[in-house]
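[1] coordinates only, sequence not included:
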């Protein structure tokens, strides 16, 4: 049984430190600050994320499930990504389970130590298991950049 993500003081501190490293451009490759408009408040909400490239496309994976940024991105349809001084606005489209499965496998291979406990599959699991797991971990395709 996979762990359920719980935001706590340690996670908040980790996010704050990671955000500072991203702003300075010294965070690990792929780490970005995701800013999305709140679906209820309309205020910008920012969280560190791991952007991955898979088969020439860029993807956002929600390893902790349907958290606030996922619901906000669904409602807004676009997000802002920042790393150091580079800022990009782009549209997002949520992937189907079949489309998300190979992305989730790739993501889990790359970040297993960090996010593995939140998945009920391993990188060696069959495709059908990843398709079944996909609804628990929304995946977004970054489509076209916005001006």
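    Thanks, I have it. Just so you know, these numbers come straight off a predicted model, no measurement behind them.
[2] Count the residues that sit near residue 127.
    Number of residues near residue 127 (other Cβ atoms under 10 Å) recorded here: 11. From N, CA and C alone the C-beta is placed, and that goes for glycine too.
[3] what about the closest residue to it other than its chain neighbours, distance to residue 145?
    In space, and not counting its chain neighbours, residue 127 is closest to residue 101: 5.8 Å by Cβ to Cβ, 6 or more residues apart in numbering. Applying Cβ to Cβ, to the nearest Å, the value for residue 101 to residue 145 is 26 Å.
[4] and what of residue 82?
    With Cβ to Cβ as the criterion, residue 82 and residue 145 are 14 Å apart.
[5] do residue 43 as well
    Residue 43 sits 23 Å away from residue 145, going by Cβ to Cβ.
[6] now swap in residue 58 and tell me
    Residue 58 sits 10 Å away from residue 145, going by Cβ to Cβ.
[7] And the strands in the chain?
    Here the chain has its strands, by DSSP state E, at 31-37, 44-54, 57-61, 78-83, 86-94, 139-145.
[8] and residue 105, which of the ones you listed is closest to it?
    The closest of the strands of the chain to residue 105 is strand 44-54. By Cβ to Cβ, the value is 9.4 Å.
[9] where does the protein dip in pLDDT?
    Scanning the chain for pLDDT under 70 picks out 113, 147.
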